[in-house]
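1. Fold the following and give me the result.
(one chain, ligands or ions: 1)
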Amino acid sequence: MKMQLRTRDRLLDLSEPLVMGILNLTPDSFSDGGRYAARDAALRRVETMIGEGAVIIDVGGESTRPGARPVSVAEELDRVVPLIEALRAGSDILISIDTLKPDVMDASCAAGADLINDVLALQAPGALAVAERHRVAVCLMHMQGEPRTMQAAPHYDDVVIEVGAFLNQRLQACIDAGIDAECVVLDPGFGFGKTLQHNLELLADLPRMRVGGRPVLAGLSRKSMFQKLLGLPVDQRLHASLAAAALAVWQGASIIRAHDVRATVEAVRVAAAVLRARK
Ligand code: 8Y4
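-> Residues are numbered from 1 along each chain as shown. Purely as a prediction, here's the structure:
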């Protein structure tokens, strides 16, 4: 199947899987030394990720981790918009904006973002309209519950079927709102209201989600499922993340969201080559 993702006037070829590099703009990441130094460090981090083979940069200004402090719209705008403007002025790299807030989506797209990465799958009031108006690509992610409480007691009868059904409903909501289906990528949301067993069942059988010919994005990088499986802290989860990235590509994922871009590109290329050799 010829997979493509449309954003604005561009068509992204997904016949080979690619890597989305994560740029975290929460204050602990780049802030020592003041805001201009922080912006500079963030732009250098992006240049490094591009050099390592990232095709999309996912810019985020608010943590979705359980227990994270909520960020105001003004604060989030102040973190992400100048960075997107600077990035867009110097590069035609694909820019993704990771946010829950329609106002942040809108300003980010006006500043040049190409993709809205929303862990709420555009369910917030006004989010669908923002995506439709800018004609950008959208990543619709599945989450059970809400970030603060989602890991309390996740339950599914069949996680693969239920996640697939949700993603298909949200794809249809996009189409009903006037968004081109070709602009949509779907994401099972590893770790978002899922036990280790749920995450493993999803990774074992992504095609059973039956997401109607749309490409799949998988985010597994450094996630706590590897703490549960291997007992490893966040700074020692690279090898586990690479194994999972390769398995996701083997299961048909087109975009892998990752912190460690060079290593992930290599793992993805190996898995893609094996997939191509399949008779
Ligand atoms: C260490 C570092 C431990 C990061 C955990 C984490 C996804 C996503 C996130 C995903 C899409 C994360 C914004 C969670 N995960 N967007 N965002 N898909 N589309 N945790 O899987 O990276 S944040």
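
2. Which residues of the stretch 101-250 of the chain lie near the ligand?
-> 117, 119, 139, 141, 187, 189-190, 217, 219, 222-224, 234 (CB under 6 Å from any ligand atom). Backbone N, C-alpha and C define where each C-beta goes, glycine included.

3. same thing but at 8 Å, please
-> For the stretch 101-250 of the chain, the contact set with the ligand under CB under 8 Å from any ligand atom comprises 117-119, 139, 141, 187, 189-192, 217-224, 234, 237.

4. ok, of the residues you listed, which come out buried?
-> Those of those that meet the buried threshold are 117-119, 139, 141, 187, 189-192, 217-224, 237, by 16 or more other CB atoms under 10 Å.

5. Strands - which of those residues land there?
-> 117-118, 139, 141, 187, 217-219 (DSSP state E).

6. could those residues be laid out in a markdown table, adding pLDDT?
-> Converted to a markdown table, those look like this (pLDDT from 0 to 100):
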| residue | pLDDT |
| --- | --- |
| 117 | 98 |
| 118 | 97 |
| 139 | 98 |
| 141 | 98 |
| 187 | 98 |
| 217 | 98 |
| 218 | 98 |
| 219 | 98 |
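
7. Max pairwise distance over the residues you listed: which two?
-> 118 and 218 (16.1 Å; CB to CB).

8. Could you report the neighbour count for residue 7?
-> Residues lying near residue 7 (other CB atoms under 10 Å) number 24.

9. Let me fix that, I meant to ask about residue 34.
-> 9.

10. For it, what are phi and psi?
-> When read as degrees, to the nearest 10, the backbone of residue 34 gives phi 100, psi 170.

11. again with residue 137
-> Backbone dihedrals for residue 137, given as degrees, to the nearest 10, come out at phi -70, psi 160.

12. Please list all residues in contact with the closest residue in space to it that isn't next to it in sequence.
-> In space, residue 137 comes closest to residue 7 once its chain neighbours are excluded; the distance is 3.8 Å by CB to CB, 6 or more residues apart in numbering. Counting by CB atoms under 8 Å, 6 or more residues apart in numbering, residue 7 makes contact with 94, 114-115, 135-137, 183.

13. and with 7 Å instead?
-> By CB atoms under 7 Å, 6 or more residues apart in numbering, the residues touching residue 7 are 114-115, 136-137, 183.

14. Now, the residues you listed that are in strands?
-> Per DSSP E, these map to strands at 115, 137.

15. Closest one of the ones in strands among the buried ones among the residues of the stretch 101-250 of the chain next to the ligand to residue 266?
-> For these, the nearest to residue 266 is residue 218 (16.5 Å; CB to CB).

16. do you know how far the closest one is from residue 271?
-> As defined by CB to CB, to the nearest Å, residue 218 lies at a distance of 11 Å from residue 271.

17. Could you do residue 63 as well?
-> Taking CB to CB, one finds residue 63 at 29 Å from residue 271.

18. Neighbour count for these two, which is higher?
-> residue 271 (22 against 16).

19. Was I right to think that one contacts residue 252?
-> No: with contacts defined as CB atoms under 7 Å, residue 271 does not count as touching residue 252, sitting 10.4 Å away.

20. Which helix or strand contains residue 87?
-> For residue 87, the host element (DSSP states H and E) is helix 73-90.

21. after that helix, next one along is what?
-> strand 94-98.

22. so that following strand versus helix 73-90, what angle?
-> 170 degrees (axes from the mean of the first three to the mean of the last three CA atoms, to 10 degrees).

23. Can the helix holding residue 87 be said to contact the ligand?
-> No: between helix 73-90 and the ligand, judged by CB under 8 Å from any ligand atom, nothing touches; the nearest distance is 12.7 Å.
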